[in-house]
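Colleague: Dropping the sequence and predicted coords here.
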Amino acid sequence: MSRVHNFSAGPAALPTAVLERAREEMLDYAGTGMSVMEMSHRSRAFIDIAERAEADLIELLAIPDDYQVLFLQGGATTQFAMVPMNLLNGAARADYVNTGSWSGKAIKEAGRFCEVNVAASSETTNFDRIPAYSEWSLSADAAYLHICSNETIGGVQFHDLPDGVQCPLVADMSSDILSRPIDVSRYGLIYAGAQKNIGPAGLTVVIIRRDLIGRAGSGVPSMLDYAVHAEAGSMSNTPPTYAWYLAGLVFDWLKGQGGLAGISEVNERKAAKLYGAIDASNFYTSPVAVENRSRMNVPFTLPDPEMDVEFLAQAEARGLTNLKGHRSVGGMRASIYNAVPEDAVDALVGFMAEFENERA
Ligand SMILES: *Cc1c(COP(=O)(O)O)cnc(C)c1O
C-alpha cells in the first residue's frame with residue numbers, strides 16, 4: 001500500500017492516523033460487536049460518539065454557551081437557502097459580499113428569498129482580493145451580512161473582520177473552519193460542509209447563536225428549520241452517523257495537534273513555504289493579492305498553460321495528486337488543509353523547483 005500526497009480541494013485528505021483508527025474500529029466498535037455504520041443513532045454507543053464530537057468541537061473553537069452546534073446534511077449548498085429561510089424574519093433585504101464562486105452561489109440562492117444587496121465585490125479584478133472594508137456599502141435594514149471566509153476556488157481568505165457590523169454576521173467557512181482560532185462571538189451563524197477540513201462528505205456543521213433560532217416562517221419545511229434540529233439534538237431524522245463519528249475522530253486528532261493554535265502554526269508554515277516558492281520564482285505566479293492569500297487553497301499558474309499537462313503528469317508520477325486548478329481559474333491549485341502534512345508541501349515545493357529548472 002502507498003498513500004499519495006493528496007492536494008484535493010474536496011472531498012479532501014483526512015489524517016492518516018484518523019483513517020487507521022477508523023480501520024481498527026471498523027468491524028467491532030468499542031466491544032459493541034458492530035461497526036458504527038450498523039448502529040442505531042439512538043443507541044447509547046452512538047449518542048456517546050455524537051456528544052463527544054460536539055463537546056470536542058466546542059472546546060476546539062471555544063464556542064460560547066449562547067451558541068448551538070448542529071450536525072446536518074445537505075452540504076453548504078443547502079445552507080445557501082437555509083440561512084435566508086431562517087434569518088430573514090420578515091426583513092426584505094440581506095447584505096452579501098461577493099469574493100468569488102462560492103459567494104456568488106450563495107448570492108444567487110438568497111435571491112430566491114429576498115432582495116440581495118451586494119455590499120462589496122471584487123468581480124472587476126477577477127476575484128483576486130477581499131474588497132477594502134472602507135468601500136463596503138452595508139444596508140441599514142439588512143437581516144444579516146454574509147461572507148465566505150475562504151474562497152476555495154479563487155484562494156482568497158479573510159484574515160480579519162470588518163468592525164461595526166450591526167446585523168448578524170454569517171460566514172461560509174466550509175474550507176477554512178478549524179484551520180486557525182477564531183472568535184465565534186463575532187458571528188451570528190457559521191456553517192461548513194465537512195468534506196474539506198472536518199471529515200467525509202455528507203455532514204454539514206452549523207454553529208448558530210441561540211437567539212437566531214426559531215425565526216423561520218411557517219412555510220419552511222421542518223428539515224430546513226434550525227429550530228427543529230436544535231430541539232432534536234440534530235437527530236430529528238437519521239443523521240449521517242458515520243460521517244459524524246469520523247468528524248469526532250478528526251476533532252480528537254486536532255486536540256492532539258495542540259488544538260487550533262497548534263494546527264494554525266503548521267498551516268502558516270505550510271502556506272509560507274508554498275507562497276515563498278512561488279514568489280521566489282520567475283516561473284510560477286499567484287493570482288491573489290498578497291494580504292488576502294488563502295492558507296488553505298493555493299492557486300498558481302505556470303508561464304504557459306501549454307505546460308500544465310506535463311506539470312500534472314510529472315507531479316502525478318511523484319505521487320503529488322489533484323493539483324489541477326478549477327476550470328474557472330486554470331493553472332494549478334494546491335489545497336493544503338489541516339490533514340495535508342508539511343512533508344507533502346515540501347515534496348511539492350521540491351518538484352516545482354525541479355520542473356522550473358528543467359523548463360525555464
Ligand atoms: C465546497 C464548498 C461549498 C459547497 O459545499 P457542498 O457541501 O458541496 O454543498 C460551499 N462553500 C464553500 C466555501 C466550499 O468550499
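Modeller: Looks like it arrived, so ask away.
Colleague: how much space between residue 246 and residue 185?
Modeller: Using C-beta to C-beta, to the nearest Å, one obtains 28 Å as the distance from residue 246 to residue 185. Bear in mind the C-beta positions are built from the backbone N, C-alpha and C, glycine included.
Colleague: Look at the two and report which has more neighbours.
Modeller: residue 246 (25 against 12; other C-beta atoms under 10 Å).
Colleague: which non-adjacent residue is nearest the more buried one?
Modeller: In this structure, residue 246 finds its nearest non-sequential neighbour in residue 199, 4.3 Å apart by C-beta to C-beta, 6 or more residues apart in numbering.
Colleague: Show the pLDDT at the nearest residue to residue 198 once chain neighbours are set aside.
Modeller: Nearest residue to residue 198, sequence neighbours excluded (C-beta to C-beta, 6+ apart): residue 247, at 5.1 Å. With respect to pLDDT, residue 247 has a value of 98.
Colleague: Assess the claim that residue 247 and residue 197 are in contact.
Modeller: No. Residue 247 lies out of contact with residue 197 (C-beta atoms under 8 Å); the separation is 10.1 Å.
Colleague: Contact distance from the ligand - what residues of the stretch 1-150 of the chain qualify?
Modeller: 10, 75-77, 102, 148 (C-beta under 6 Å from any ligand atom).
Colleague: residues of the strand or helix carrying residue 267 that come out buried?
Modeller: Using DSSP states H and E, residue 267 sits in helix 259-280. Within helix 259-280, the residues scored as buried using 16 or more other C-beta atoms under 10 Å are 259-260, 263-264, 266-267, 270-271, 273-275, 277-278.
Colleague: where does the residue in the stretch 51-200 of the chain that the ligand sits nearest to fall, phi/psi-wise?
Modeller: Scanning the stretch 51-200 of the chain for proximity to the ligand using C-beta to the nearest ligand atom identifies residue 75 as nearest, at 2.6 Å. Main-chain dihedrals, residue 75, degrees, to the nearest 10: phi 70, psi 170.
Colleague: distance of it from residue 41?
Modeller: With C-beta to C-beta as the criterion, residue 75 and residue 41 are 20 Å apart.
Colleague: same deal with residue 317?
Modeller: Residue 317 is 44 Å from residue 41, by C-beta to C-beta.
Colleague: Break down the stretch 251-360 of the chain into its strands, ranges please.
Modeller: Remark: strands assigned in the stretch 251-360 of the chain by DSSP state E, counting those that start in this stretch are 297-300, 320-321, 332-335.
Colleague: Please name whichever of the ones you listed is nearest to the ligand.
Modeller: Comparing the strands of the stretch 251-360 of the chain by C-beta to the nearest ligand atom, strand 297-300 comes nearest, at 8.3 Å.
Colleague: Tell me which other helices or strands that closest one touches.
Modeller: If contacts are counted by 3 or more C-beta pairs under 8 Å, 6 or more residues apart in numbering; DSSP states H and E, strand 297-300 sits against helix 259-280, strand 332-335.
Colleague: Can you point out the buried residues in it?
Modeller: 297-300.
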